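Student: Predicted model and sequence follow; I will ask about them next.
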Amino acid sequence: MLDYADLLKLKRWNTPTVYNGWESVTKKDRLDVRCNREEVKDFMPQMGSMAGYAVTVTFEPSNKDHFVNNEDKWHRYREYLVSVPGPKIVVVQDFDSPDKIIGSFWGEVCSNMHRALGCVGTVTDGAIRDVDEMTNAGFKALARRLCVGHAYSVPVAWGVPVEVYGCNVNPGDLIHADKHGFLVIPEDDQKFLVEAVVYMDTNECLTTISAARQGVGKPLDQVVLDLDQASARFAENKEAMQKRFQLK
């Protein structure tokens, strides 16, 4: 588990950059990446990235049967949130999604409540509403769309595995998210993650990006040669980092 300072460092990078770091330290195949496999929209892109640990909840606003004893359910759900250290990202599976979304788990009240309980944002495969008020609360949201009401919105189950946008998320998973989507980083890939993100971003700047930017005005055959050499240095630097972390 990363400490708070490392999470703050991760917030300084976009999610594709964090992915590049993850890809360089994981022993998994890159096709096994856990991220959204469907389109998701960031409704607060101006807030930048968010990073935190998943707390999970399901709901089904079209089913009024869940509304029985709803105040007790909200109380027990809030107790669950309190029991988990932050920063937290609330991952919400909407059982009505995507075909009959009728109500939102999120709005001005719910986002302020979760912010007070240490949550920094949400990834929901349902809808949100009160988008300006949620932004004012400092609560970031990735969602499928907007809607106007909440219908019979109440927590159904919490602290359970969920699936959103074709990705399985477990309570406690590390999540990084921004306007590109979200990335779930397994615990065994976190040890060198922050160092790898910084290193790989610098590696790009020192090699392939520099060669491309400095190629303006050069003969094209020289640009091709420079890019080939830069790509080779990029790969060598990556391998050196992996050996230093004893990943190879």
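Tutor: Yep, that arrived.
Student: ok so Gly172 is a helix residue?
Tutor: No. Gly172: not assigned to a helix; according to DSSP: H, G, I helix; E, B strand; the rest coil it is coil.
Student: Can you name the residues that contact it?
Tutor: Going by Cβ atoms under 8 Å, 6 or more residues apart in numbering, Gly172 touches 53-54, 84. Bear in mind the C-beta positions are built from the backbone N, C-alpha and C, glycine included.
Student: Helices of this structure, residue ranges please.
Tutor: 4-11, 15-25, 70-82, 108-116, 131-136, 193-206, 208-213, 220-244 (DSSP state H).
Student: Which of these sits closest to Lys41?
Tutor: helix 131-136 (10.7 Å; Cβ to Cβ).
Student: Outside of the closest one itself, list whatever touches it.
Tutor: 43-44, 46-47, 106-108, 111, 128, 141, 146.
Student: Out of the helices of the chain, the one nearest Pro186 is which?
Tutor: helix 15-25 (9.0 Å).
Student: just checking, Thr17 touches Val197?
Tutor: Yes. Assessed by Cβ atoms under 8 Å, Thr17 is found in contact with Val197 at 6.1 Å.
Student: Where is the longest strand in the chain?
Tutor: In the chain, with assignment by DSSP state E, the single longest strand is strand 50-59.
Student: and the residue in the chain sticking out farthest from the centre, what pLDDT?
Tutor: Relative to the centre of the chain, and counting by Cα atoms, centre = their mean, the farthest-placed residue is Pro219 at 42.2 Å. pLDDT, Pro219: 93.
Student: Same check on the one 5 residues further on?
Tutor: Predicted confidence (pLDDT) for Val224: 96.
Student: List the residues that contact it.
Tutor: By Cβ under 8 Å, 6+ apart, Val224 has no neighbours at all.
Student: let's see it at 10 Å
Tutor: Going by Cβ atoms under 10 Å, 6 or more residues apart in numbering, Val224 touches 215, 218.
Student: How much space separates it from Glu204?
Tutor: From Val224 across to Glu204, the span is 19 Å (Cβ to Cβ, to the nearest Å).
Student: just Ala116 next, same as before
Tutor: 39 Å.
Student: between these two, which one's more packed in?
Tutor: Set side by side, Ala116 and Glu204 show more neighbours around Glu204, with 16 against 11, by other Cβ atoms under 10 Å.
Student: Verify the stated contact: the more buried one with Val198.
Tutor: No. Using Cβ atoms under 10 Å, Glu204 makes no contact with Val198, being 11.3 Å away.
Student: that older thread, shared neighbours of Thr17 and Val197, which are they?
Tutor: Between them, Thr17 and Val197 share these contacting residues under Cβ under 10 Å, 6+ apart: 10, 176.
Student: neighbour-wise, which of these two wins?
Tutor: Set Thr17 next to Val197 and count neighbours by other Cβ under 10 Å: Val197 wins out with 23 against 20.
Student: quick one: contacts for the more buried one?
Tutor: Neighbours of Val197 in contact, by Cβ under 10 Å, 6+ apart: 9-10, 12-13, 17-22, 24-25, 176.
Student: hmm, try it at 6 Å
Tutor: Counting by Cβ atoms under 6 Å, 6 or more residues apart in numbering, Val197 touches 13, 18, 21.
Student: show me the contacts for the first one.
Tutor: Right, the one you point to is Trp13. Val197.
Student: make it 7 Å
Tutor: Residues counted as contacts of Trp13 (Cβ atoms under 7 Å, 6 or more residues apart in numbering) are 49, 197.
Student: Kindly report the same for the second one.
Tutor: If a contact means Cβ under 7 Å, 6+ apart, then Val18 has 10, 176, 183, 197 as its contacts.
Student: Lovely, talk soon.
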